[in-house]
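Participant: no sequence on this one, just coordinates:
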């Protein structure tokens, strides 16, 4: 297997309040951080103007090899900003309406079946806000509960409002609760496909994807993180639906990083999303690889996304397990391990040391991305007990440090990849 000289990357980020420029800045910073440990020099070009997809060039150099990557950032921050920019009462009301829709459409049952920890992630903000509202109600009703005159409501009602607005909401910011409500609003819309703004964005992103795919490249990588995996599936599936031969003769890797496709796909109304998952799985040009991590609760660990979407006869995505604590120093990991969303973001951030996965290497390094899943998934017990030598060899055509990009040579980093 030869090195990649020209790579096309289509990146769909997760549900974060960041526009394309912020993602570009973070990517450049991550490349500097990771490159220092790999001997990889990445030159990140200027971010070009655009609407739905903004592009830039990145040139990676390592061991005399040069890889030119053309990276397209699919920015749906306007959709996120619209949700997060609403008044707090409306954000709470619509968030709970979305939660009710998830329950009504069988989403919670699906989460419990395919990823019980994701079910807890779903319930957490709604239970926390419900408790806070209940406490506020008790504070407001306190004079009546103890038999005082209704005149005491003149101080209890403002005190209840003060508790919720000035105590609970600022404290809840640490866990991004209001942001998570917006996440569920958009997840429901990805299933229902009725929001005009979302449909306009998807149409524009589909057209931008078609235009990008016309360019020549040794390798095409569609990377998607978290909710971005659902957005990517809808876009890539729409391309295949309109033209089943759109990818003929191309080499495409669909790389989902802590993917949350099932967040929307398990709702009964998500017929379009489930159909597109089937199209992607059956496309012979696409190699679907899922990067998963045990300590990341914001995805469906060990789930079979294709089968869960009703396509049991279609090829399943190949799953690669990574360990976040092998990507970071012990102190760095200790600081973030209790922050679920920070751990979840590590898929697209720079690392402190060499490990079996690195986003900068995936997007700018010379090794073909398919090498991530060179080894077929093993049963859980085999993964836990496999010796370091069980990892597959890399083609001799790549220099040593380039091979290390995905299969490190050190005994520490070649430990079994079943947990974070």
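Facilitator: Now that the structure is in, tell me what you want to look at. Predicted model, so just to flag it, every value in this text is computed and none were measured. Numbers count the residues shown, from 1 in each chain.
Participant: can you list the domains in this structure?
Facilitator: Domain ranges of the chain: 6-78+196-403, 86-184, per automatic domain parsing.
Participant: so of those, which one's packed in deepest?
Facilitator: Burial of the domains of the chain is given as mean neighbour count (mean count of other CB atoms under 10 Å); domain 6-78+196-403 ranks first at a mean of 20. (Glycine included, C-beta is placed from N, CA and C.)
Participant: so residue 137, which of the three states?
Facilitator: helix (DSSP: H, G, I helix; E, B strand; the rest coil).
Participant: Could you say which helix or strand holds the nearest residue to it once chain neighbours are set aside?
Facilitator: Among residues not flanking residue 137 along the chain, residue 160 sits closest, at 7.0 Å (CB to CB, 6 or more residues apart in numbering). Per DSSP states H and E: residue 160 is located in helix 153-162.
Participant: Provide a list of residues in contact with the residue nearest to residue 137.
Facilitator: Residue 160 sits next to 136, 137, 139, 140 when contact means CB atoms under 8 Å, 6 or more residues apart in numbering.
Participant: if you set the cut-off to 6 Å instead, what comes out?
Facilitator: 136, 139, 140 (CB atoms under 6 Å, 6 or more residues apart in numbering).
Participant: any idea how far the nearest residue to the last one once chain neighbours are set aside is from residue 297?
Facilitator: In this structure, residue 140 finds its nearest non-sequential neighbour in residue 160, 3.8 Å apart by CB to CB, 6+ apart. Distance, residue 160 to residue 297, by CB to CB, to the nearest Å: 32 Å.
Participant: same thing with residue 131?
Facilitator: Using CB to CB, residue 131 is found at 20 Å from residue 297.
Participant: quick check, residue 202 in a strand?
Facilitator: No. Counting by three-state DSSP, residue 202 falls outside a strand, being helix.
Participant: Show the model's pLDDT score for it.
Facilitator: With respect to pLDDT, residue 202 scores 98.
Participant: sec struct for the closest residue to it other than its chain neighbours, please.
Facilitator: Nearest residue to residue 202, sequence neighbours excluded (CB to CB, 6+ apart): residue 234, at 5.7 Å. Residue 234 carries the three-state label helix when classified by three-state DSSP.
Participant: Also residue 300?
Facilitator: With three-state DSSP as the criterion, residue 300 reads coil.
Participant: The nearest residue to it once chain neighbours are set aside and residue 260, how far apart?
Facilitator: Leaving aside its sequence neighbours, residue 300 sits nearest to residue 115 (CB to CB, 6+ apart; 3.8 Å). From residue 115 over to residue 260 the distance is 9 Å, taken as CB to CB.
Participant: Nothing else from me, thank you.
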